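Undergrad: what's the 3D shape of this:
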Amino acid sequence: MTTSAVPAQSRAAETVGGRATGAPAVPRDAFFDNAKLLATVLVVLGHTWGPLVDNDPGMRGLRTCYLLVYSFHMPLFIMISGWFSRSFAENASDPGRLRRLLTSTVVPYVLFATAYQIYDKYRHDEPISVDLTVPFYLTWFLAALFVWRLSAPLWRTLRAPVLVATLVMLGAGFASFSGELDLGRVFQLLPFFVLGLTVRREHVQWVRNSRALRWAATPVFAAAFAAWYHYGPRVESAWLYRQSGHQQLGVGMAHWVVAALGLALGALILSLGFLALVPRRTNWFTSLGAGTQYTYLLHGFAVQMALAYDYEHSRFINSPTGLIALSAIAVLATGVLASPPVRRVLGWAVEPTMRWAFRSDRRPHRAA
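TA: Sure, this is the predicted structure:
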């Protein structure tokens, strides 16, 4: 993959899921489509494994895999999202940017937060109610993405944006946030979004092409697995959800700061190793990378429905054979939910264009 492919993919962010949003069509970058799809596989596996990890002390291997995945999968996913949000930092007052901000985050958030909350109330036989100020389950990411993209112009103007975002993350450790917009996660995961937003293209190209990084990735993941296997039973998994301050985790502020910085550094190292292993060329699954937002927003319904049938207590599911089968189903579901037929049927909810709601103005913008 040549260097020129990188800016091409940045411009390709003007398309969502392969559907034009008004910008000129350009070739997609296979590396980023592969990275998005494989990162989404980790997200689905994490949500699938989550209800099982504390069922049986003998399932130490599963808990280790879960902790390893959670130690970096959302930072990785968010860095990629930051890379694809670069256009929101340019010409922020452009009506097209504002429309995409609404249709890519706000409208899907309203639709899916409402749907998830209604289903949850129905599943628990509770009165139906919806509170959009408190993100339910995986919809927190859309709320966070809206806040991050709204702030994108600021981060592109600062001299040391990642440092400032890291200080914001550390400052969040003093606070005890309630559920509104899941602000704990918004602030604690902010540095990864800012890094993806502001990283130089030549650095991305180095990660893609570095043989040394590729060779180092496997030993790094093996060491991380061994570390989580050893220390995992003594680690509170809430640390990896990155939504709690030092008081909520029951530790001193100095302890929280050191742990948060260590976890952030570990997440960055593992993310770089993961990206170094991502195939750079077009594969049979590359085209599915255009539909990862469908998988992200839809797979939660499958997990919630499985919980309604107590799958986490199934003797078969909690056996080695059952875990392998369940993981295989999760990987298969990742691809199915990102497939073109699903995108055609549910594009109105996941990627609404809403042309009916916006005025068409093709007149050139005048300089102020």
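Undergrad: so how far is whichever helix in the chain runs longest from its chain's centroid?
TA: Longest helix in the chain, counting residues (DSSP state H): helix 253-277. For helix 253-277, the separation from the chain centroid amounts to 16 Å (computed by Cα atoms, centre = their mean, to the nearest Å).
Undergrad: okay, buried residues for it please.
TA: 256-257, 259-260, 263-264, 266-276 (16 or more other Cβ atoms under 10 Å). The way it works is simple: take the backbone N, C-alpha and C, and place the C-beta from them, glycine included.
Undergrad: what do you get for stretch 349-363?
TA: Buried, per 16+ other Cβ under 10 Å, within stretch 349-363: 350, 351, 352, 353.
Undergrad: which one of these is nearest to residue 67?
TA: Using Cβ to Cβ, residue 350 is the member of the buried residues of stretch 349-363 that lies nearest residue 67, at 29.9 Å.
Undergrad: the closest one is in contact with residue 292, isn't it?
TA: No. With contact defined as Cβ atoms under 8 Å, residue 350 does not count as touching residue 292 (10.3 Å).
Undergrad: which residue is nearest the middle of the protein?
TA: residue 77 (3.7 Å; Cα atoms, centre = their mean).
Undergrad: circling back: of the buried residues of stretch 349-363, closest to residue 83?
TA: For the buried residues of stretch 349-363, the nearest to residue 83 is residue 351 (18.5 Å; Cβ to Cβ).
Undergrad: element containing the residue nearest to the centre of the chain?
TA: Counting by DSSP states H and E, the element that carries residue 77 is helix 73-83.
Undergrad: sorry, back to before: what does the longest helix of the chain rub up against?
TA: 35, 38-39, 68, 71-72, 75-76, 79, 166, 169-170, 173-174, 188, 191-192, 195, 207-208, 210, 213-214, 216-218, 220-221, 224, 239-240, 242, 245-246, 249, 251 (Cβ atoms under 8 Å, 6 or more residues apart in numbering).
Undergrad: would you convert the buried residues of stretch 349-363 into CSV that also reports pLDDT?
TA: Below are the buried residues of stretch 349-363 laid out as CSV (pLDDT from 0 to 100):
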residue, pLDDT
350, 96
351, 94
352, 93
353, 89
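Undergrad: in the stretch 201-350 of the chain, which spans are helices?
TA: 201-209, 211-231, 238-241, 246-249, 253-277, 292-308, 320-337, 340-350 (DSSP state H, counting those that start in this stretch).
Undergrad: repeat that for the stretch 51-200 of the chain.
TA: 60-70, 73-83, 95-101, 107-123, 140-150, 152-155, 161-171, 183-188, 190-198.
Undergrad: give the contact list for the closest residue in space to the residue nearest to the centre of the chain that isn't next to it in sequence.
TA: Nearest residue to residue 77 in three dimensions, chain neighbours excluded: residue 39, at 4.8 Å (Cβ to Cβ, 6 or more residues apart in numbering). Counting by Cβ under 8 Å, 6+ apart, residue 39 touches 73, 76, 77, 80, 274, 292.
Undergrad: residue 39 and residue 255, how far apart?
TA: Distance, residue 39 to residue 255, using Cβ to Cβ, to the nearest Å: 30 Å.
Undergrad: same thing with residue 261?
TA: Residue 261 sits 11 Å away from residue 255, going by Cβ to Cβ.
Undergrad: just residue 190 next, same as before
TA: 21 Å.
Undergrad: same check on residue 78?
TA: Distance from residue 78 to residue 255, by Cβ to Cβ: 25 Å.
Undergrad: one more: residue 306?
TA: Relative to residue 255, and taking Cβ to Cβ, residue 306 is found at 37 Å.
Undergrad: and for residue 123?
TA: For residue 123, the distance to residue 255 - Cβ to Cβ - is 38 Å.
Undergrad: got it, and residue 231?
TA: With Cβ to Cβ as the criterion, residue 231 and residue 255 are 15 Å apart.
Undergrad: for residue 129, same thing?
TA: Taken as Cβ to Cβ, the span from residue 129 to residue 255 is 38 Å.
Undergrad: that older thread, how close does the residue nearest to the centre of the chain sit to residue 178?
TA: Residue 77 is 25 Å from residue 178, by Cβ to Cβ.
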